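Trainee: here are the coordinates; sequence isn't available:
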């Protein structure tokens, strides 16, 4: 018998796990083994001592996400987001427990989708999430197969809908055992936040206190001017230079800066924003009377479903408290349009309800290409600015809802003309040092704990293989544009030495200038310097797509086993590859072949499905559409008329097929 435990503390060991280890014959030739995922020091000490006494082994379960794959060679993490989490959500929603708590009033707003997504919110990196639960089960099943054990038990901290998780575990021959949720380390800030959510006024007050620029009263603004509140990525760049900017749509249209509201994070940011005429937020909101707005009733209590009740109660309280805050915010600053990119949790849904209740509209722009369906991308908002009709079909598959899905093309397609001169200057510099052919190698970010992320080792390969080839090939050059440059050299470890050696040759360049979070340069800046682009991840191909849209030969390497991606329609062996060595061998053959290998890195077969325009005007279309919305409010129209008129105008200019409705 092998036993696994999610969290080995002194309490969990003595009160739950020890009894299981001591049950049955302790004199068997084969000693029982206890594997733990995480542990406290006292838990490990006591478990080790008693293990020696009663003849069972205590071991830490070591694993890395990048090696945990199914029989198709697909990362289990990806299959969970593509398939398993959909099935778990459906089982929860169809369960007797969920139906007991369900309230028809949820359908009147976005509460239904807010709760449904909230049930499975959070990725594998978040320890309380549904995805983490499924991943832990799959890790144990994977390890069981490696060790050849026929019977294993996994002790998990009990979650709501426990019976559904137990059945899921049994489907892979893992028996779940529940640990009581007593640890303060597990609860974290939950208790305090749950208390604050009971009282919307307190919640708004403490949200103000949490601001680094806290003031008792917000600054006074001209409330006669309707504003667009922008939630960006921290790219406060107001120069039309082709670099990352939260204001790309503003810089490329006639939208008036004085109708934009933005939350600054430093005095430098504030000065830049105010010089351009953008209205800045000081971090506080005035609490507006919340009694007259639509709130969600708390579910009726039933002790038979206590864990489930707590989850539903927490979600409804979260909805009510967030709505109180955002209605107060939107009223304080006269916000009529709320624009964001962040669709990866359920918060945007309650913000959309809040802006609707104040007479405004919510909008979202597509920041990343989704090559396959993933439930964390599901959204519900008034307007979505999407890249293509194909991306709209993915939104429909995952249950997204929007009255107006506006097809705009790739939002960053304005950048190449602005960046081409700089890119050519870098290309000339690399060629002057002997680089006859240049590669742009595209990476992703990584995290320290490789159990819950593919980790630094996988990312190091995005540098190691091409750097070794550059150091070995005097006529080859390489350009890097890391996603997060600030921490890159630390994350590269020993590969950072290779990077330094390659830089000394003059045939290697890395863009490292950073914004608040990510590298400032767009991927296309590096791509325009190169003969071929290589993205080390087929599952995350936004940067590769932007390069391919410019006609640059672009390769994809599928190390995660993302077989269901749209990108797999591209030619294998010419565009898609399974490993870096395979891709580099093909790349060198291409460079050594007179005129190159026909069709190498060519996306032309399906490129139109990714962007039907390809005219450099996507940002202008988004900014113009947003301007139409604000102009409608300046004319005193209501939101329904404003949205219908904007859609009609867009259809007239760009075609009726560029405006669709998605109400799954």
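Mentor: That came through, no problem. From a predicted model like this one, the values you see are computed outputs, not experimental measurements.

Trainee: where is the longest helix in the protein?
Mentor: Counting residues, the longest helix found in the chain (DSSP state H) is helix 306-332.

Trainee: buried stuff in that helix?
Mentor: 308-309, 311-332 (16 or more other C-beta atoms under 10 Å). Any C-beta I mention is one placed from the backbone N, CA and C, and that applies to glycine too.

Trainee: whichever helix or strand comes after that helix packs against which elements?
Mentor: The helix or strand immediately downstream of helix 306-332 is strand 335-340, counting by DSSP states H and E. The contact analysis (3 or more C-beta pairs under 8 Å, 6 or more residues apart in numbering; DSSP states H and E) places strand 335-340 against strand 227-231, helix 347-357, strand 361-365, helix 618-634.

Trainee: assumed residue 439 was part of a strand.
Mentor: Yes. Secondary structure of residue 439 (DSSP: H, G, I helix; E, B strand; the rest coil): part of a strand.

Trainee: okay, and the residue nearest in space to the middle of the chain sits in which element?
Mentor: Nearest residue to the geometric centre of the chain (C-alpha atoms, centre = their mean): residue 344, 5.4 Å. Per DSSP H and E, residue 344 falls between elements, in no helix or strand.

Trainee: my guess is it meets residue 376, correct?
Mentor: Yes. Using C-beta atoms under 8 Å, residue 344 is in contact with residue 376, at 5.2 Å.

Trainee: which among the helices and strands packed on strand 335-340 is found nearest to residue 137?
Mentor: With C-beta to C-beta, the closest approach to residue 137 among these belongs to helix 347-357: 27.6 Å.

Trainee: what's the closest one packed up against?
Mentor: Partner elements for helix 347-357 (3+ C-beta pairs under 8 Å, 6+ apart): helix 111-119, helix 306-332, strand 335-340, strand 361-365.

Trainee: now it and strand 335-340, what's the angle there?
Mentor: 160 degrees (axes from the mean of the first three to the mean of the last three C-alpha atoms, to 10 degrees).

Trainee: if we can go back for a sec, residue 243 is nearest to which of the helices and strands packed on helix 347-357?
Mentor: The minimum distance between residue 243 and the helices and strands packed on helix 347-357 falls on strand 361-365, with 17.4 Å, by C-beta to C-beta.

Trainee: contacting residues around the helix or strand that that closest one is followed by?
Mentor: Counting by DSSP H and E, the next helix or strand C-terminal to strand 361-365 is strand 383-386. The contact list for strand 383-386, computed with C-beta atoms under 8 Å, 6 or more residues apart in numbering, reads 361-366, 392, 395, 400, 402-408, 411, 621-622, 625, 643, 662.

Trainee: quick one: the helices in the stretch 1-150 of the chain, in order.
Mentor: 10-12, 18-22, 41-54, 76-79, 85-93, 96-101, 111-119, 130-147 (DSSP state H, counting those that start in this stretch).

Trainee: most tightly surrounded among those helices?
Mentor: helix 111-119 (a mean of 23; mean count of other C-beta atoms under 10 Å).

Trainee: now that helix: mean pLDDT?
Mentor: Averaged across helix 111-119, the pLDDT comes to 95.

Trainee: the inter-axis angle of it versus helix 306-332?
Mentor: 120 degrees.

Trainee: ok, residue 564 to residue 485 distance?
Mentor: Here residue 564 is placed at a distance of 31 Å from residue 485 (C-beta to C-beta, to the nearest Å).

Trainee: revised request: answer the last question for residue 445.
Mentor: For residue 445, the distance to residue 485 - C-beta to C-beta - is 10 Å.

Trainee: these two - which one has more neighbours?
Mentor: Per other C-beta atoms under 10 Å, whichever of residue 445 and residue 485 has more neighbours is residue 485, with 19 against 15.

Trainee: three-state assignment of the more buried one?
Mentor: coil.

Trainee: what's it in contact with, if anything?
Mentor: Taking C-beta under 8 Å, 6+ apart, one finds 510, 511, 512, 513, 514, 518, 519 in contact with residue 485.

Trainee: ok, residue 115 next?
Mentor: Neighbour list for residue 115: 106, 312, 315, 316, 319 [criterion: C-beta under 8 Å, 6+ apart].

Trainee: residue 89 now?
Mentor: Taking C-beta under 8 Å, 6+ apart, one finds 116, 119, 120, 130, 375 in contact with residue 89.

Trainee: list just the nearest of these to residue 16.
Mentor: Nearest to residue 16 out of those is residue 130 (C-beta to C-beta; 22.2 Å).

Trainee: any idea how far that closest one lies from residue 123?
Mentor: As judged by C-beta to C-beta, residue 130 and residue 123 stand 10 Å apart.

Trainee: now do residue 47
Mentor: 30 Å.

Trainee: now residue 650
Mentor: Distance from residue 650 to residue 123, counting by C-beta to C-beta: 34 Å.

Trainee: what does residue 224 give?
Mentor: From residue 224 over to residue 123 the distance is 43 Å, taken as C-beta to C-beta.

Trainee: what about the two, which has more around it?
Mentor: Shown here are residue 224 and residue 123; by other C-beta under 10 Å, residue 123 has more neighbours (20 against 7).

Trainee: now do the same contact list for the more buried one.
Mentor: Contacts of residue 123 by C-beta under 8 Å, 6+ apart are 81, 129, 131, 132, 376.

Trainee: please report how far it lies from residue 129.
Mentor: For residue 123 relative to residue 129 (C-beta to C-beta), the value is 6 Å.

Trainee: before we move on, what about residue 450?
Mentor: For residue 450, the distance to residue 129 - C-beta to C-beta - is 18 Å.

Trainee: ditto for residue 586
Mentor: From residue 586 to residue 129 the distance is 39 Å (C-beta to C-beta).

Trainee: format the helices and strands packed on strand 335-340 as a markdown table; extra columns: distance to residue 527 and mean pLDDT.
Mentor: Formatted as a markdown table, the helices and strands packed on strand 335-340 follow (distance: least, C-beta to C-beta, whole Å; pLDDT from 0 to 100):
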| stretch | distance to residue 527 | mean pLDDT |
| --- | --- | --- |
| strand 227-231 | 27 | 97 |
| helix 347-357 | 31 | 97 |
| strand 361-365 | 21 | 98 |
| helix 618-634 | 17 | 98 |
